[in-house]
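S.K.: Any chance you could fold what I've pasted below:
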Amino acid sequence: MTRRTRLPTPHELAQHARQLAQAFGVLLVESQDILTEHSAVVNGKLVVTGIIKDELTYAVALHEIGHCVAPLGAIQRNVPPTAAQALEQEYEAWRWAEHYALDWSPTMQHAKQFGLNGYEAAARRELELKLKPRQRETLDAFMKRTGRK
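M.R.: Below is the predicted model:
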């Protein structure tokens, strides 16, 4: 991603997230009551997140919007995904966020990596427990494709 000479202000980040949500038909609800539990309702195209006040909360808001609009980022609530599917959905939502962000800072990258780490570990554990070679190959291919291992 091309870096700007001036980083966007918190106000510009919040405004951009709201504009993206509107452009993609997503209702973005910011709440002072939300500190850590951000969520996206894919079919209803609803994102509930904390107040966008810095680059971290901006990245998380874009990530949640990505769950609603990225083709492979959609979380289907009626069918629980496997851990490997959940990992891919998370990765695609983060990829969408990074693509549409005004800028992608080291703080945003850290949030993305932190978020993905738990899903990667769960996917590995799930496959190791099930010991299904085809699923292991799928995860290994995904990890290789995304440059993760």
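
S.K.: Which elements pack onto the longest helix belonging to the chain?
M.R.: In the chain, with assignment by DSSP state H, the single longest helix is helix 106-130. On a contact count with 3 or more CB pairs under 8 Å, 6 or more residues apart in numbering; DSSP states H and E, helix 106-130 meets helix 55-69, helix 83-100, helix 133-145. For the C-beta atoms, the positions are set from N, CA and C on the backbone; glycine is no exception.

S.K.: right, and these - which one's nearest residue 15?
M.R.: Checking those against residue 15 by CB to CB gives helix 55-69 as the closest, at 10.1 Å.

S.K.: Now do the closest one, average pLDDT.
M.R.: Helix 55-69 shows a mean pLDDT of 93.

S.K.: Which strands and helices lie in contact with that helix?
M.R.: For helix 55-69, the packing partners by 3+ CB pairs under 8 Å, 6+ apart come out as helix 10-23, strand 27-31, strand 39-41, strand 46-50, helix 83-100, helix 106-130.

S.K.: Can I get the ones you listed in TSV including distance to residue 63 and mean neighbour count?
M.R.: As requested, those are exported to TSV (distance: least, CB to CB, whole Å; neighbours: other CB atoms under 10 Å):
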stretch	distance to residue 63	mean neighbour count
helix 10-23	10	17
strand 27-31	12	15
strand 39-41	9	18
strand 46-50	9	21
helix 83-100	4	21
helix 106-130	7	15
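
S.K.: Now render the ones you listed as JSON lines, adding distance to residue 68 and mean pLDDT.
M.R.: Converted to JSON lines, the helices and strands packed on helix 55-69 look like this (distance: least, CB to CB, whole Å; pLDDT from 0 to 100):
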{"stretch": "helix 10-23", "distance to residue 68": "9", "mean pLDDT": "96"}
{"stretch": "strand 27-31", "distance to residue 68": "9", "mean pLDDT": "90"}
{"stretch": "strand 39-41", "distance to residue 68": "5", "mean pLDDT": "68"}
{"stretch": "strand 46-50", "distance to residue 68": "6", "mean pLDDT": "88"}
{"stretch": "helix 83-100", "distance to residue 68": "9", "mean pLDDT": "91"}
{"stretch": "helix 106-130", "distance to residue 68": "16", "mean pLDDT": "86"}
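
S.K.: Of all those, which one comes closest to residue 62?
M.R.: helix 83-100 (3.6 Å).

S.K.: so what's residue 119 up against?
M.R.: Residue 119 sits next to 83, 86, 87, 90, 91 when contact means CB atoms under 8 Å, 6 or more residues apart in numbering.
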